[in-house]
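> what would the 3D arrangement of this be:
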Amino acid sequence: MRLSRAVLTAAVVSLTAAGLPAPASAGTPASTERGVTDIVPAPVSAKADPKAGFRLSPSTVISADRGAGQVADYLRGLLRPATGFPLPVVPHAAGLPAISLKLGHDSRIGTEGYELKVDRDGVTLNANTADGLFEGVQSLRQLLPSAIEAKHVQHRTWTVAGGTILDYPRFGERGAMLDVARHFFKPDQVKLYVDQIAQYKVNTLHLHLADDQGWRIEIKSWPKLATVGGRTAVDGDPGGYYTQKQYQDIVAYAASRHITVIPEIDMPGHTNAAQSTYAELNCDGKAVPPRTDTEVGYSSLCISSPITYRFVEDVVRELAAITPGKYLHIGGDEAHATPPADYLTFERKVQPIVAKYGKKITGWHEIAKSTPPTSAIPQYWDFGGASPDVAAAAARGNKILMSPANHAYLDMKYDASTPLGQDWAGLVEVRDAYDWDPATLVEGVGENQVAGVEAPLWTETIRTSDDIEYMAFPRLPGIAEIGWSPRASHNWDAYRARLAKQGPRWAAQGIDFYRSPQVAWK
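As a prediction, the model looks like this:
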């Protein structure tokens with residue numbers, strides 16, 4: 001909105017009278033909890049200027065170029081609750097102190113990069129796209145005191161740490177996966193996780209929507225998948241499902257945080273919830289009993305049945321219609337009950353169905369053995385080392401998404417005493433989640449063949465948002481840094497010092513994080 005100087009001056013008077021801090025004088029020194037070199041993920045380059053901090057005040061405005069309005073509104077929403085300042089979004093600062101969001105053409109920073117400059121006169125954030133501005137805002141918020149994350153007005157000085165940042169991502173995809181099949185999470189819980197992961201420049205949310213224990217998305221042509229197959233969860237806990245309208249709302253919310261949702265329907269295995277609901281999906285025409293245990297590898301769609309492919313096409317058609325992103329995840333892992341020849345038959349029939357509805361495929365790395373199109377992204381979940389099928393796919397031109405279970409699976413226990421999680425891939429402390437390199441993890445898959453990284457959170461033992469937070473934080477930011485920051489900046493000792501300074505921020509946000517003894521928390 002466009003506000004006059006008179007209106008803004010009146011706002012200053014009003015807020016000052018209410019006891020909120022007035023604008024600082026130009027000669028007042030700045031004090032901050034952290035500087036531009038403390039950001040997570042680490043920027044490409046950052047130069048601090050301790051004398052150049054910018055103080056927010058009741059007269060500060062957010063100036064936004066055309067095309068930057070959505071990010072400006074998001075930034076205003078971040079800053080207003082704790083400061084109490086009006087922070088109007090205007091097209092021009094007109095001499096007022098401002099945070100300026102500018103769109104331009106900088107060949108150095110690509111589509112998600114940004115340049116951030118903070119001095120006493122204001123903050124300038126430059127990017128080529130709204131995505132870049134949004135990622136820059138995540139860095140900007142870390143330059144303010146942790147109390148900026150509070151939901152109520154805090155009576156204090158708000159100084160943005162001074163300096164300059166030039167930044168852009170190492171890999172194009174930095175993802176998080178949430179398994180809503182083993183335990184169901186309501187839309188507001190998913191949105192909360194979206195907000196939490198967005199602040200570390202995560203740009204994809206992979207939703208694991210169907211598994212043996214539950215089916216979580218409404219499919220109108222097969223309605224009982226959700227209404228019956230969605231009733232169950234691990235250990236007999238309550239199930240649930242998303243209507244297509246609810247799913248679209250989640251997708252739109254994620255998009256407002258510049259995150260693309262990738263939905264997964266796991267197949268031909270991990271299908272017991274569907275096969276217990278519709279008998280015709282079984283080769284003998286008899287429905288299997290529902291399962292709420294955590295065993296894997298026992299279920300399989302009937303590969304020889306035409307009904308199977310009608311089912312798959314209906315699911316893909318409806319899911320593609322409500323998913324704006326380019327990719328659908330077709331699973332493909334742990335299909336131990338599907339003979340190898342049948343597995344290849346299934347993949348070669350299903351992959352063209354996805355293409356028919358305008359989407360590209362991603363799937364667990366087992367799909368690499370089916371020689372998928374080079375647009376497909378196999379997602380590697382094993383422990384690293386030799387993986388001939390994955391290496392061959394990379395050689396053919398497929399990009400590989402890295403999610404090694406012994407580093408990136410957020411459901412692994414931190415240590416033997418962790419009350420949640422599993423340990424089949426090992427114990428994964430904070431350093432274990434950080435100390436690995438996507439470009440050297442799998443033999444034959446180098447830097448240019450990596451699509452990015454993803455941190456999956458399987459929910460066999462996860463029931464609440466607090467559980468999600470405890471297992472994701474502090475490990476997820478480290479995996480996000482591996483995906484965003486330059487390889488040369490990858491240093492555990494430096495990272496753990498920066499990570500320690502995130503603790504007060506999470507406390508202000510109400511995040512129930514694990515206080516790892518490996519980190520000297522502030």
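
> I'd like the distance between the closest residue to residue 44 other than its chain neighbours and residue 115.
Excluding its sequence neighbours, the residue lying closest to residue 44 (CB to CB, 6 or more residues apart in numbering) is residue 167, at 5.0 Å. Glycine gets a C-beta too; all of them are placed from N, C-alpha and C. Residue 167 sits 8 Å away from residue 115, going by CB to CB, to the nearest Å.

> quick one: low-confidence parts of this protein?
For the chain, residues meeting the criterion pLDDT under 70 lie at 1-32.

> and if we set it to 90?
When the per-residue scores of the chain are filtered using pLDDT under 90, the ranges that remain are 1-34.

> now do the residue nearest to residue 44 against residue 41, distance only.
Using CB to CB, we find residue 167 at a distance of 9 Å from residue 41.

> and for residue 309?
Distance check for residue 309 against residue 41: by CB to CB, it reads 42 Å.

> between these two, which one's more packed in?
residue 41 (27 against 15; other CB atoms under 10 Å).

> now that one: which helix or strand?
Element membership for residue 41 (DSSP states H and E) is empty, with no helix or strand holding it.

> how near is residue 127 to residue 94?
22 Å.

> so between those two, which is more surrounded?
With neighbours defined as other CB under 10 Å, residue 127 and residue 94 compare such that residue 127 has more, 30 against 14.

> show me the contacts for the more buried one.
Taking CB atoms under 8 Å, 6 or more residues apart in numbering as the definition of contact, the neighbours of residue 127 are 101, 102, 103, 104, 106, 109, 113, 114, 115, 133, 135, 136.

> just those: which are in strands?
The members of the contacts of residue 127 that map onto strands under DSSP state E are 101, 102, 103, 114, 115.

> what's the closest residue in space to residue 71 that isn't next to it in sequence in contact with, if anything?
Spatial nearest neighbour of residue 71, excluding adjacent residues (CB to CB, 6+ apart): residue 133 at 4.4 Å. Counting by CB under 8 Å, 6+ apart, residue 133 touches 68, 71, 101, 103, 114, 125, 127.

> count the residues that sit near the first one.
Which is residue 68. Taking other CB under 10 Å as the definition, residue 68 ends up with a neighbour count of 24.

> swap in the fourth one?
By the measure other CB under 10 Å, the count of residues near residue 103 is 19.

> go ahead and confirm it touches residue 63.
No - contact criterion CB atoms under 8 Å: residue 103 and residue 63 do not qualify, at 12.0 Å.

> sort out which residues of stretch 50-61 are buried, please.
Of the residues in stretch 50-61, those scored as buried under the neighbour-count criterion (16 or more other CB atoms under 10 Å) are 52, 53, 54, 55, 56, 57, 58, 59, 60, 61.

> so the third one sits against residue 162, correct?
Yes - assessed by CB under 8 Å, residue 54 is found in contact with residue 162 at 6.9 Å.

> rewinding a little: who's more crowded, residue 167 and residue 115?
Summary of the neighbour comparison: residue 167 and residue 115, criterion other CB under 10 Å, with residue 167 having more neighbours (28 against 21).

> how about residue 67, secondary structure?
coil (DSSP: H, G, I helix; E, B strand; the rest coil).

> residue 314: which element?
According to DSSP H and E, residue 314 maps onto helix 306-321.

> ok, residue 448 - how many residues close by?
Residues contacting residue 448 under the criterion other CB under 10 Å number 8.

> meant to ask about residue 236
The burial count assigned to residue 236 is 11, neighbours taken as other CB under 10 Å.

> with adjacent residues omitted, what lies nearest to it?
Closest residue to residue 236 in three dimensions, ignoring its sequence neighbours and counting by CB to CB, 6+ apart: residue 292, at 5.1 Å.

> correct me, but that neighbour touches residue 213?
Yes - with contact defined as CB under 8 Å, residue 292 reaches residue 213; the gap is 5.6 Å.

> need the residues touching each of the two.
Overlap between the neighbourhoods of residue 292 and residue 213 consists of 232, 233, 234, taking contacts as CB under 8 Å, 6+ apart.

> next, format those residues as JSON lines and append neighbour count and distance to residue 382.
As requested, the shared contacts of residue 292 and residue 213 are arranged in JSON lines below (neighbours: other CB atoms under 10 Å; distance: CB to CB, whole Å):
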{"residue": "232", "neighbour count": "25", "distance to residue 382": "29"}
{"residue": "233", "neighbour count": "24", "distance to residue 382": "27"}
{"residue": "234", "neighbour count": "23", "distance to residue 382": "23"}
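
> still on that earlier bit, what are the bridge partners for the residue nearest to residue 44, then?
residue 114 (DSSP bridges).

> relative to residue 381, how far out is it?
Using CB to CB, we find residue 167 at a distance of 29 Å from residue 381.

> same for the helix holding residue 314, what does it pack against?
Contact partners of helix 306-321 among helices and strands, from 3 or more CB pairs under 8 Å, 6 or more residues apart in numbering; DSSP states H and E: strand 327-329, helix 340-356.

> next, the buried residues of the last one.
Residues 342, 343, 345, 346, 347, 350, 351, 353, 354 are the ones in helix 340-356 that count as buried (16+ other CB under 10 Å).

> quick one: buried residues of stretch 106-114?
106, 109, 110, 112, 113, 114.

> and the helices in the stretch 51-200 of the chain, which stretches?
69-83, 130-142, 187-198 (DSSP state H, counting those that start in this stretch).

> return the most buried member of those helices.
Between the helices of the stretch 51-200 of the chain, helix 130-142 has the highest mean count of neighbours, a mean of 24, where neighbours are mean count of other CB atoms under 10 Å.

> what angle separates it from helix 69-83?
10 degrees (axes from the mean of the first three to the mean of the last three CA atoms, to 10 degrees).

> you'd agree residue 216 is up against residue 190?
No - counting by CB under 8 Å, residue 216 does not reach residue 190; the two are 10.6 Å apart.
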